[in-house]
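**Student:** Kindly generate the corresponding structure for this input.
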Amino acid sequence: MKPIQGLLFVIFTVSFNALGCQSQPGPNPPAQVMKQVHWIGLPARFCGYYPQGFSRPQRAKFVHAIESFDRDWLLQCQENGIEYGFQPYVEWEMIKTALNSDGNAADIVALLEEKGVRPPQVGLLHAVLNEDVAAIEALIRRGCDPNLPVAGEGYETEYVLHRAALNAGPEVIEALLEAGADPFIRTAENPNGGPTPWLNAYEWSEANPNAQSRELLRVAVNDPK
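**Tutor:** Next up is the predicted model:
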């Protein structure tokens with residue numbers, strides 16, 4: 001390269017970079033932003049039908065609103081569920097999504113309370129399996145009964161205290177006992193297989209690795225050491 005050509009090349013390269021240009025291809029942040037904008041501004045109208053029918057952008061908006069606790073959007077979502085007859089499904093989907101994401105399920109339960117329907121019993125099971133004490137307490141306040149067998153999802157003959165007894169920590173078990181969960185209830189026989197019949201909560205806890213959990217249930221049934 002001749003000296004004058006080399007000098008011109010250096011000047012051009014410095015000027016090109018100074019303008020924020022890149023000589024090599026790289027990521028395109030505007031495209032990524034536009035991809036998010038595609039769903040982030042979606043109104044809550046799509047809450048007027050089954051959550052299982054949400055498209056990917058709608059599901060992304062739904063989860064984002066829950067995780068960021070977008071109060072106004074969530075209440076509008078609830079209103080649309082009420083208007084079109086899908087309220088129980090939409091509200092349960094909100095609670096379930098919060099339990100299985102970075103959302104706060106207890107806050108969602110409280111937000112929906114004024115116009116909400118009673119959450120399904122299986123919601124209490126999900127809260128127990130996630131060991132979300134605040135959600136357990138909120139769901140019980142909203143009408144979930146810890147002494148009713150769990151309906152749906154293959155758990156028809158189990159009680160939430162039995163599920164907690166298997167492997168939950170003491171905070172979960174204590175919350176259920178304080179809410180009136182009966183440690184003496186025994187699992188009914190399941191004709192389709194499943195849990196061993198006739199066990200109470202303490203007997204279920206024998207496999208629980210947490211000694212405090214087992215002790216709480218032992219004291220609750222007054223079982224001698």
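
**Student:** Now do the helices in the protein.
**Tutor:** All helices of the chain, identified by DSSP state H, fall at 3-18, 29-40, 56-67, 71-84, 87-99, 105-112, 121-129, 133-141, 160-167, 170-178, 201-204, 211-221.

**Student:** Pick out the residue nearest the middle of this structure.
**Tutor:** With distances taken as Cα atoms, centre = their mean, residue 99 lies nearest the centre of the chain, 1.9 Å away.

**Student:** export the helices of the chain to TSV and tack on mean pLDDT and distance to residue 148?
**Tutor:** Glycine gets a C-beta too; all of them are placed from N, C-alpha and C. As requested, the helices of the chain are exported to TSV (pLDDT from 0 to 100; distance: least, Cβ to Cβ, whole Å):
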stretch	mean pLDDT	distance to residue 148
helix 3-18	45	68
helix 29-40	54	38
helix 56-67	95	26
helix 71-84	97	24
helix 87-99	97	16
helix 105-112	98	18
helix 121-129	93	6
helix 133-141	97	11
helix 160-167	92	9
helix 170-178	97	13
helix 201-204	90	15
helix 211-221	95	18
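
**Student:** Would you reformat those as CSV and include distance to residue 185?
**Tutor:** Output for the helices of the chain, formatted as CSV (distance: least, Cβ to Cβ, whole Å):
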stretch, distance to residue 185
helix 3-18, 73
helix 29-40, 45
helix 56-67, 33
helix 71-84, 34
helix 87-99, 24
helix 105-112, 24
helix 121-129, 14
helix 133-141, 16
helix 160-167, 7
helix 170-178, 12
helix 201-204, 7
helix 211-221, 11
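
**Student:** about what we covered before: my read: the residue nearest to the centre of the chain touches residue 132, true?
**Tutor:** Yes: assessed by Cβ atoms under 8 Å, residue 99 is found in contact with residue 132 at 6.2 Å.

**Student:** quick one: common contacting residues for those two?
**Tutor:** Here residue 99 and residue 132 have residue 105 as joint contacts, going by Cβ atoms under 8 Å, 6 or more residues apart in numbering.

**Student:** circling back: identify whichever of the helices of the chain lies nearest to residue 49.
**Tutor:** helix 71-84 (6.5 Å; Cβ to Cβ).

**Student:** Please identify the buried residues of the closest one?
**Tutor:** 73, 74, 76, 77, 78, 79, 80, 81, 82 (16 or more other Cβ atoms under 10 Å).

**Student:** So residue 45 sits against residue 83, correct?
**Tutor:** No: the pair residue 45 / residue 83 is not scored as a contact, 9.9 Å apart, by Cβ under 8 Å.

**Student:** Mutual contacts of those two, please.
**Tutor:** With Cβ under 8 Å, 6+ apart, residue 45 and residue 83 have no common neighbours.
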